[in-house]
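Visitor: next one to model:
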Amino acid sequence: MTLDIVVDGLGFLEGPRWHDGTLWFSDFVSKTVNTLDGPQFEIDGIPSGLGWLPDGSLLIVSMEGRRVVRADGSLYADLSALAPFECNDMVVSSEGNAYIGQFGFDYSHGGAPQSTVLMLVKPDGSVSIAADELMFPNGMVITPDGETLIVGESYAACMTAFSVGPDGSLSDRRVFAALPEGSTPDGCCLDAEGAVWAASPLSNEVIRLREGGEVLDRISTGDRVAIACMLGGEDRRTLYICTAPLSREVGAGAILSTRVDVPGAGLP
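Guide: Residues are numbered from 1 along each chain as shown. Next up is the predicted model:
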């Protein structure tokens with residue numbers, strides 16, 4: 001399968017989202033939220049997960065700041081009471097409930113991995129625990145009916161599913177899919193057949209997984225580290241892949257793309 005370079009010369013890219021007919025993503029190095037047309041917002045901190053409230057307002061996870069901010073930099077929610085270390089990805093439901101992952105240990109200084117909590121920020125700004133005992137909760141998706149949330153556990157090498165209650169609470173935890181040996185999930189997206197595309201930075205590829213763990217497709221990114229992916233384009237059949245060196249070297253990040261048969265669905 002051919003991979004095209006959509007844009008390169010960037011930093012360390014995260015949180016790709018297809019929104020309002022364009023691709024959005026965060027760049028850790030420039031500390032900006034971008035579209036393919038260039039930087040749109042800069043925050044005081046490192047931006048990671050992105051999501052939109054029902055009124056169209058953009059929310060941004062400030063990774064090291066351990067908070068969620070609005071596009072103008074104002075505070076939306078303080079996560080520090082539940083997040084001892086960096087926060088990462090986020091998905092926002094159609095009701096405005098934001099689910100946010102975190103490292104849970106001192107990854108940057110070689111700390112020992114340990115379980116942590118997935119956080120929920122409700123539309124009133126209140127912060128609570130959505131689920132616990134997760135190993136580095138990372139990329140997330142919500143199914144089109146709004147009834148299931150799937151989160152990648154990077155240090156458990158699996159995608160974990162929860163039922164979503166009317167109040168945004170999570171229950172009925174189960175394994176959606178274990179990843180193949182030698183791979184681990186990072187940013188992900190969902191397609192119309194209910195399969196998850198997960199980027200695997202450990203194996204430099206994106207993997208399409210059916211519930212139960214069947215591997216439907218694998219696309220190598222060669223010597224580029226696959227960080228996250230998103231289905232977009234006018235027909236939602238363009239798979240965008242954020243790639244970057246783990247060193248976060250300036251100018252080495254790129255977005256690749258390829259065409260797939262099944263369009264994107266659900267959130268983000």
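
Visitor: could you pull up phi and psi at H109?
Guide: In terms of degrees, to the nearest 10, the main-chain angles of H109 are phi -120, psi 20.

Visitor: kindly state the pLDDT recorded for it?
Guide: Here the pLDDT value assigned to H109 is 87.

Visitor: is the nearest residue to E14 once chain neighbours are set aside in a helix, a strand, or coil?
Guide: Spatially, and ignoring its direct neighbours in sequence, E14 is nearest to S26 (4.7 Å; C-beta to C-beta, 6 or more residues apart in numbering). To be clear about C-beta, it is placed using only N, CA and C from the backbone, and glycine gets the same treatment. Three-state call for S26 (DSSP: H, G, I helix; E, B strand; the rest coil): strand.

Visitor: burial measure for S26, as a count.
Guide: 29 (other C-beta atoms under 10 Å).

Visitor: I'd assumed G15 was in contact with it.
Guide: Yes. Using C-beta atoms under 8 Å, S26 makes contact with G15 at a distance of 4.5 Å.

Visitor: find residues that contact each of those two.
Guide: 47-50 (C-beta atoms under 8 Å, 6 or more residues apart in numbering).

Visitor: let me see the contact set for the residue nearest to E14.
Guide: S26 touches 13-15, 32-34, 47-50, 60, counting by C-beta under 8 Å, 6+ apart.

Visitor: strands - which of those residues land there?
Guide: Counting by DSSP state E, those place 13-15, 32-34, 47-50, 60 in strands.

Visitor: output those residues in a markdown table; the columns should cover neighbour count, distance to G264 and pLDDT.
Guide: A markdown table is the format used below for the ones in strands among the contacts of S26 (neighbours: other C-beta atoms under 10 Å; distance: C-beta to C-beta, whole Å; pLDDT from 0 to 100):
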| residue | neighbour count | distance to G264 | pLDDT |
| --- | --- | --- | --- |
| L13 | 25 | 18 | 94 |
| E14 | 27 | 18 | 95 |
| G15 | 28 | 15 | 96 |
| T32 | 18 | 24 | 97 |
| V33 | 22 | 20 | 98 |
| N34 | 23 | 20 | 97 |
| P47 | 25 | 22 | 97 |
| S48 | 24 | 21 | 97 |
| G49 | 30 | 17 | 98 |
| L50 | 25 | 16 | 98 |
| I60 | 24 | 21 | 98 |
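
Visitor: show the end-to-end separation of stretch 97-113, please.
Guide: End-to-end distance of stretch 97-113 (C-alpha to C-alpha, to the nearest Å): 27 Å.

Visitor: identify each buried residue in that stretch, please.
Guide: Across stretch 97-113, burial judged by 16 or more other C-beta atoms under 10 Å covers 97-105, 107.

Visitor: restricted to strands, list these.
Guide: Residues of the buried residues of stretch 97-113 located in strands (DSSP E): 98-102.

Visitor: separation between R66 and L79?
Guide: From R66 across to L79, the span is 5 Å (C-beta to C-beta, to the nearest Å).

Visitor: between those two, what contacts are shared?
Guide: Counting by C-beta under 8 Å, 6+ apart, the residues touching both R66 and L79 are 87, 102.

Visitor: so between these two, which is more surrounded?
Guide: Comparing R66 with L79 by other C-beta under 10 Å, the one with more neighbours is R66, at 22 against 19.

Visitor: just checking, the more buried one touches L75?
Guide: No. R66 sits out of contact with L75 when judged by C-beta under 8 Å, with a separation of 11.3 Å.
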